[in-house]
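Novice: Test case, fold it:
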Amino acid sequence: MRDLVKTTITSMEVAQMVGKKHYDLLKDIRKYTEQLDEGKISVVDFFTESTYIDGKGESRPCFMVTKKGCEFIAHKLTGQKGTEFTARYINRFHEMEQQGKTNPVEIPVGEVASYLKAMDRVATRQNLAPYKIAANFKRISEQFGIQLSEDFVNVPEYNQMDFSDFIDGERE
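Specialist: Residues are numbered from 1 along each chain as shown. Just a heads-up that it's a prediction; the model follows:
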């Protein structure tokens, strides 16, 4: 099966651009992803967990950072560092666009499937409505180049109400 491609740069490259140790940037990005999750904002629009092989041949954690992710990080920086990073990431993404190249991250379809399966377990445990789970699947699939039919998400005309929604006959 073909590999999927997404335009990103690595967190190692971002760390170099902002003048931070990669380990410190990873801590920052993990904090951002937790906060985005809490706000129910799609993390994969900004950052995707990944790994790379270091000089010793060992697998190390990293993030693939989208243009939106770079913008997010830039807004967290102030002063000279923020200005320099903003200019660098803008130049980097424009360079990739002008060359007609992307900095591809080849993500095996099996990894995407594993991610979607884990996401389904979490959404099911949280009793998320099936149409909302389907909408999340569709959005994430499309980010990895997997096109799903328009009718994949079937939004119900009404939602089943639960008696716990009411207190003393009035809706909370």
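Novice: Skipping adjacent residues, who's closest to residue 140 in space?
Specialist: residue 44 (6.0 Å; C-beta to C-beta, 6 or more residues apart in numbering). From N, CA and C alone the C-beta is placed, and that goes for glycine too.
Novice: mind checking how far residue 19 is from residue 41?
Specialist: Residue 19 sits 27 Å away from residue 41, going by C-beta to C-beta, to the nearest Å.
Novice: Ignore what I typed, I meant residue 88.
Specialist: 25 Å.
Novice: When the two are compared, which one has more neighbours?
Specialist: residue 88 (17 against 11; other C-beta atoms under 10 Å).
Novice: count of residues packed around residue 146?
Specialist: Neighbour count of residue 146, defined by other C-beta under 10 Å: 15.
Novice: Now do the same for it: helix, strand or coil?
Specialist: coil (DSSP: H, G, I helix; E, B strand; the rest coil).
Novice: Tell me the spacing between it and residue 133.
Specialist: In terms of C-beta to C-beta, residue 146 sits 16 Å off from residue 133.
Novice: and the residue nearest to residue 140, what pLDDT?
Specialist: On pLDDT, residue 44 comes in at 89.
Novice: what do you get for the one 3 residues further on?
Specialist: The score at residue 47 is 93. That number is its pLDDT.
Novice: Who is it paired with across the strands?
Specialist: residue 65 (DSSP bridges).
Novice: In contact with it, which residues?
Specialist: 11, 29, 32, 33, 63, 64, 65, 66, 69 (C-beta atoms under 8 Å, 6 or more residues apart in numbering).
Novice: Reformat the residues you listed into a markdown table and put neighbour count, distance to residue 142 and pLDDT next to each item.
Specialist: A markdown table is the format used below for the contacts of residue 47 (neighbours: other C-beta atoms under 10 Å; distance: C-beta to C-beta, whole Å; pLDDT from 0 to 100):
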| residue | neighbour count | distance to residue 142 | pLDDT |
| --- | --- | --- | --- |
| 11 | 25 | 23 | 93 |
| 29 | 23 | 23 | 95 |
| 32 | 18 | 23 | 93 |
| 33 | 19 | 20 | 93 |
| 63 | 26 | 20 | 93 |
| 64 | 21 | 17 | 91 |
| 65 | 26 | 19 | 92 |
| 66 | 20 | 14 | 91 |
| 69 | 25 | 18 | 92 |
